[in-house]
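K.L.:
Here is a sequence together with a model predicted from it:
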Amino acid sequence: MEVVIATIVELENKAMRVESNISLLPYNTFGVDVLCSEFYQYSSVEELEKLFQEGLFASKWLSVGGGSNLLFLQDFHGAILHSSIKEIEVTQEREQDVEVRVGAGVVWDDFVAWSVEHDLGGVENLSYIPGCVGASPVQNIGAYGVEAKDVISEVEVFDTQTGSVSTFAGSACSFAYRHSLFKTNPYYIVTYVTFRLTKSPHHKFSLSYGNLLSVIEGNGVEPSLRSIREVVVNVRKSKLPEPSVLGSAGSFFKNPLISIAQFKDVKERYPNVPFFEVGEEKIKIPAGWLIEQCGWKGKRVGNVGVYDKQALVLVNYGGATGSEIESLANDICSSVHQEFGLKIEPEVCFIR
């Protein structure tokens, strides 16, 4: 059992509780029980600035939200910084849309629920994605044909190298598939994200991806923000385990983007291969389908395995280490490459 040592740090007459030698089990959805040297939770940009200005922790640090996209391979010998910035504020309103500024510490699905409750469209397809708002621009999260970049107007960050606060327009964030400027420049800590959401009835639903429209129509309801959110939540619940039951990071691998020539080769051997066209020169094949064809779906290896309802999901059956999960992921990647000649890459970030 870990020993938690708590101290109080004074930041301009405001006390902040600092914990030492704390388990990160509540801060990673994979359920890997590792320790960190120090744990700081801040509730404002000013508190975050002071932490760096006063050099209150060791040089090694990591900003963690919900930990839904992290795999800890060992104890973290440094400081974990956890955002508790949780404001949701409408900062600008126009005839057809609004700008909503959201704190990085807000739970992502709570923000989606808030948007739907206020009849604001744009993020309903992204319902039930685990994690916090601060991670949404870093990973450029996406689902059902919608990505965070489609609705992000601005991203506010704290630059740990200069100690300054900067704001990036969405167009300046180098967004790509599960990628952004912030992923390649980890010294930026996201503090706020501003989203441009559309008012009803001006919002146009995105229903072309997968079988989303057919499921909604099959339920006998008209497409709406609420019906789309309900369907997406139900579908995700049917495919993904609850972290409280089975530890996971949701989708573990990125869907590979391949050339037309590579796709033709796969289709010759597997005529029923599912795919999505991305522009005129690239094809996206579901990584889960590739993994399933290699026989991994539902397979268990010790404390880890591939979820029996969705081959894209790796699970911790209890007591697994990060290294066990990494080993399974490497075996899957090798298997897919041997069978298809294709490279699949983790979406999850490995923390050593």
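P.N.:
Cool, the structure landed. Numbering: from 1, shown residues only.
K.L.:
ok now do the residue nearest to Lys282 when sequence neighbours are not counted, which residues does it touch?
P.N.:
Of all residues not flanking Lys282 in the chain, Leu257 sits nearest, at 4.7 Å (CB to CB, 6 or more residues apart in numbering). Any C-beta I mention is one placed from the backbone N, CA and C, and that applies to glycine too. Neighbouring residues of Leu257 by CB atoms under 8 Å, 6 or more residues apart in numbering: 177, 278, 282-284.
K.L.:
Now list the buried members of those residues.
P.N.:
Using 16 or more other CB atoms under 10 Å as the burial test, the contacts of Leu257 include 282-284 as buried.
K.L.:
Sitting in strands, which of those do you find?
P.N.:
Using DSSP state E, the members of these that fall in strands are 282-284.
K.L.:
May I have the predicted confidence score for Ala6?
P.N.:
If you check Ala6, the pLDDT there is 36.
K.L.:
got it, and Ala148?
P.N.:
Ala148 is given a pLDDT of 98.
K.L.:
With the one 5 residues further on instead?
P.N.:
Looking at Ser153, its pLDDT reads 98.
K.L.:
Against Gly122, how distant is it?
P.N.:
Separation of Ser153 from Gly122 (CB to CB, to the nearest Å) stands at 10 Å.
K.L.:
now do Cys349
P.N.:
Distance, Cys349 to Gly122, by CB to CB: 26 Å.
K.L.:
Quick check on those two: which one has the bigger neighbour count.
P.N.:
Shown here are Cys349 and Gly122; by other CB atoms under 10 Å, Gly122 has more neighbours (24 against 15).
K.L.:
still on that earlier bit, would you turn the buried ones among the contacts of Leu257 into TSV with distance to Trp296 and pLDDT?
P.N.:
Output for the buried ones among the contacts of Leu257, formatted as TSV (distance: CB to CB, whole Å; pLDDT from 0 to 100):
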residue	distance to Trp296	pLDDT
Lys282	25	94
Ile283	22	96
Lys284	20	94
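K.L.:
Val190: which of these is nearest?
P.N.:
Lys284 (26.6 Å; CB to CB).
K.L.:
Help me confirm that that closest one comes into contact with Val278.
P.N.:
Yes - in this structure, Lys284 is within contact of Val278 by CB atoms under 8 Å, at 5.2 Å.
K.L.:
Look up how far Glu54 lies from the nearest residue to Phe263 once chain neighbours are set aside.
P.N.:
In this structure, Phe263 finds its nearest non-sequential neighbour in Ile283, 4.2 Å apart by CB to CB, 6+ apart. Going from Ile283 to Glu54 by CB to CB gives 52 Å.
K.L.:
Contact partners for Phe158?
P.N.:
Here Phe158 is in contact with 45, 48-49, 52, 164-165, 188-189, 191 (CB under 8 Å, 6+ apart).
K.L.:
go again using 7 Å as the cut-off
P.N.:
Phe158 makes contact with 45, 48-49, 165, 189, 191 under the criterion CB atoms under 7 Å, 6 or more residues apart in numbering.
K.L.:
Wait, a strand at it?
P.N.:
Yes - assessed by DSSP: H, G, I helix; E, B strand; the rest coil, Phe158 belongs to a strand.
K.L.:
quick check, nearest of the ones in strands among the buried ones among the contacts of Leu257 to Asp110?
P.N.:
Lys284 (29.6 Å).
K.L.:
Now name the helix or strand holding Glu99.
P.N.:
Using DSSP states H and E, Glu99 falls within strand 97-103.
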